[in-house]
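Q: Return atomic coordinates for the entry below.
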Amino acid sequence: MTTIPSIACLGVIGKNNNPLHISIFPSQPNNAPLRTPLQFSLLLSSTLDIFEARSKANLTSGGGLSGDFGLLHAIDERLAAYGFETNTGVRFVAVVDMRGRIAGGDAGRGPAVGLREGDMKLVFRAMQTAYIRLLQNPFYDPDEHSPPTGRGGKKISSRRFTEDMRRIGESWRPGVAAV
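A: Numbers count the residues shown, from 1 in each chain. The predicted model follows:
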């Protein structure tokens with residue numbers, strides 16, 4: 001049985017380090033998530049220190065802040081977290097299960113040993129597009145979700161945004177051209 005990487009979790013973290021959205025996806029062969037929602041939430045929170053450290057390193061080296069942070073950390077032999085930060089400080093995290101999907105006839109590749117550099121860029125571009133579409137909704141107030149005080153904030157409850165995240169997570173696989 002050949003397996004290929006799949007998305008295990010997509011997370012959106014507000015500019016004040018508050019969780020805005022989390023989508024969890026099942027993995028093969030038992031079609032169940034690898035972690036509980038609380039465990040995935042803690043994994044997303046663990047990436048904040050890495051974002052912070054890399055942001056400071058980029059600023060002190062004069063490199064500025066680029067959006068794609070690439071591999072944030074390997075969680076275990078199966079899961080790896082990748083990150084992207086928008087220019088407004090909102091962070092997108094994709095947790096990839098390196099053996100998450102059984103390769104079928106449409107996989108188009110042999111056994112996966114890792115991801116290519118551009119494989120995750122498509123995910124983050126799609127997540128950013130969904131987030132921009134959410135911001136264009138006149139009924140969505142970003143300050144309600146990331147209050148300037150830094151305390152709490154609502155999670156994103158938009159049905160369309162949730163459906164976009166679900167579509168991204170379910171349709172992505174290495175080498176795919178669009179999600």
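Q: export the lowest-mean-pLDDT helix or strand in the chain as PDB, just CAs?
A: Least confident helix or strand, the chain: helix 142-145 with a mean of 76, by mean pLDDT, DSSP states H and E. Only the C-alpha atoms of helix 142-145 are listed here, as PDB (Å, rounded to 0.1, in the frame of the first residue of the first chain):
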ATOM      1  CA  PRO A 142     -11.900  41.700  11.900                       C
ATOM      2  CA  ASP A 143     -11.500  43.600  15.100                       C
ATOM      3  CA  GLU A 144     -14.200  41.500  16.700                       C
ATOM      4  CA  HIS A 145     -12.000  38.400  16.000                       C
END
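Q: which other residues reach it?
A: 14, 18, 20, 135, 153-156 (CB atoms under 8 Å, 6 or more residues apart in numbering). Every residue, glycine included, has its C-beta placed from N, CA and C.
Q: let's go with 10 Å and repeat that
A: Helix 142-145 has contacts (CB atoms under 10 Å, 6 or more residues apart in numbering) with 12, 14-16, 18-21, 88, 90, 131, 134-135, 149, 152-157.
Q: ok, of those, which come out buried?
A: Taking 16 or more other CB atoms under 10 Å as the criterion, what is buried in the contacts of helix 142-145 is 12, 14-16, 18-21, 90, 131, 134, 153, 156.
Q: Just send the residues you listed back as CSV, with distance to Gly83 and secondary structure too.
A: Formatted as CSV, the buried ones among the contacts of helix 142-145 follow (distance: CB to CB, whole Å; DSSP: H, G, I helix; E, B strand; the rest coil):
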residue, distance to Gly83, secondary structure
Val12, 11, strand
Gly14, 14, coil
Lys15, 14, coil
Asn16, 17, coil
Asn18, 16, coil
Pro19, 14, strand
Leu20, 14, strand
His21, 15, strand
Val90, 11, coil
Tyr131, 14, helix
Leu134, 19, helix
Gly153, 20, coil
Ile156, 18, coil
